[in-house]
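J.: Give the three-dimensional model of this entry:
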Amino acid sequence: MSIDLHNAVAVITGAGSGIGRATAHAFARRGARVVVTDLVGERAHSVADELGSRGVATVCDVTSLDDLQAVRDLALDHFGRIDLVMNNVGILAVGPVEDIPFHAWQRVVDVNLLSVVRSNLVFLPVLLEQGAGHVVNTASTAGLLPYGFDRLPYTATKHAVVGLSEALALYLRPRGIGVSCLCPAGVATNIVEQIAFYGEPAPPRGPDFPVLDADSVGELVADGVTQNRFLILTAQEAADELRERGRDVDAYLSRLTKDVP
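T.: Sure thing, here's the model as predicted:
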């Protein structure tokens, strides 16, 4: 069921910068052809130009089903097939939960979670028909662990993406389609551009996970896809946290809250 990236066709949303751009390059280095999409057309075209003949670019707003259908059609028209889809767009609303307005919740849910739902509706029929392919959903360690109370809409949607991905793997793997869930910790990207701030900032709580550069994360994604791994972590320390949480969630939460005034 593992996918050979050589001459595979990958569609990546949010590929104009950060993890998406780095993964596009990592896939291309392994011989893949990449449909680079981004909300900002200049960024998408710049990355496609970097990839040369292995890249093609288009603008895509992941809150638009029509845009995603246009991406699918471009991939099929330009490269003749689709083998891999990476859902990689995310935004944040940051602040005390009581200060984050409902419309901010709606926006984060629409971009972070419902974009994956739209992508499934558009791309899964193609992969299911050919009986092969791979899906990568970008979540976060904030979708595995409870530290992100200062960005609760992001945390909630990333937990949802993890759960969606895990259940999707049970459905798709018997049909020849792999599923990976990328859960990065700190990564040096421009995601700050996608943050809306509300109220007084709360001091973040959480482990001091290492911060990786985006290129290293792109390599981790490419390796994870070729090895057909479900969970792709950028900080192996997160696995230790998961094990502690799994042994006794009440004790785990008690440890995290004991120093809160």
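
J.: can you pull out the helices in this protein?
T.: 18-29, 41-51, 65-79, 102-108, 114-130, 152-172, 214-226, 237-247, 249-257 (DSSP state H).

J.: Quickly compare those and say which is most buried.
T.: For the helices of the chain, the stretch with the most neighbours on average is helix 18-29, a mean of 25; neighbours defined as mean count of other CB atoms under 10 Å. Yep, even glycine has a C-beta here, placed from its N, CA and C like the rest.

J.: Could you give the average pLDDT over that helix?
T.: Here helix 18-29 scores 97 as its mean pLDDT.

J.: Now do that helix: which elements does it pack against?
T.: Packed against helix 18-29 by the contact rule (3 or more CB pairs under 8 Å, 6 or more residues apart in numbering; DSSP states H and E) you find strand 9-12, strand 33-38, helix 41-51, strand 84-87, helix 214-226.

J.: Can you tell me which helices and strands the longest one packs against?
T.: Counting by 3+ CB pairs under 8 Å, 6+ apart, the packing neighbours recorded for helix 214-226 are helix 18-29, strand 133-138, strand 177-183, strand 186-188, strand 231-233.

J.: Then the third one?
T.: Under the contact criterion of 3+ CB pairs under 8 Å, 6+ apart, helix 41-51 touches helix 18-29, strand 33-38, strand 55-59.

J.: Figure out which of those is closest to residue 184.
T.: For the helices and strands packed on helix 41-51, proximity to residue 184 was assessed by CB to CB; helix 18-29 is nearest, at 6.8 Å.

J.: Could you figure out how far the closest one is turned away from strand 55-59?
T.: 150 degrees (axes from the mean of the first three to the mean of the last three CA atoms, to 10 degrees).

J.: Can you list the low-confidence ranges for the protein?
T.: For the chain, the stretches flagged by pLDDT under 70 are 1, 188-194, 202-206, 259-261.

J.: Please name the residues that touch the residue minimising distance to the centre of it.
T.: Centroid-nearest residue in the chain: residue 138, 1.5 Å away (criterion: CA atoms, centre = their mean). Residue 138 sits next to 14, 19, 86, 87, 88, 89, 90, 161, 182, 184 when contact means CB atoms under 8 Å, 6 or more residues apart in numbering.

J.: returning to what we had before: okay, the helices and strands packed on helix 18-29 in CSV with distance to residue 60 next?
T.: Below are those laid out as CSV (distance: least, CB to CB, whole Å):
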stretch, distance to residue 60
strand 9-12, 9
strand 33-38, 4
helix 41-51, 8
strand 84-87, 11
helix 214-226, 19
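
J.: wait, which of the ones you listed is closest to residue 120?
T.: strand 84-87 (8.6 Å).

J.: Paired strands for the closest one, with orientation please.
T.: Next to strand 84-87 in the sheet, as set by DSSP bridges, lie strand 9-12 (parallel), strand 133-138 (parallel).

J.: from the chain's centre, how far out does it sit?
T.: Per CA atoms, centre = their mean, to the nearest Å, the displacement of strand 84-87 from the mean C-alpha position of its chain is 9 Å.

J.: what residues does that strand touch?
T.: By CB under 8 Å, 6+ apart, the residues outside strand 84-87 that reach it are 3, 5, 8-13, 15, 20, 23, 27, 32, 62, 115-116, 119, 123, 127, 133-138, 221, 225.
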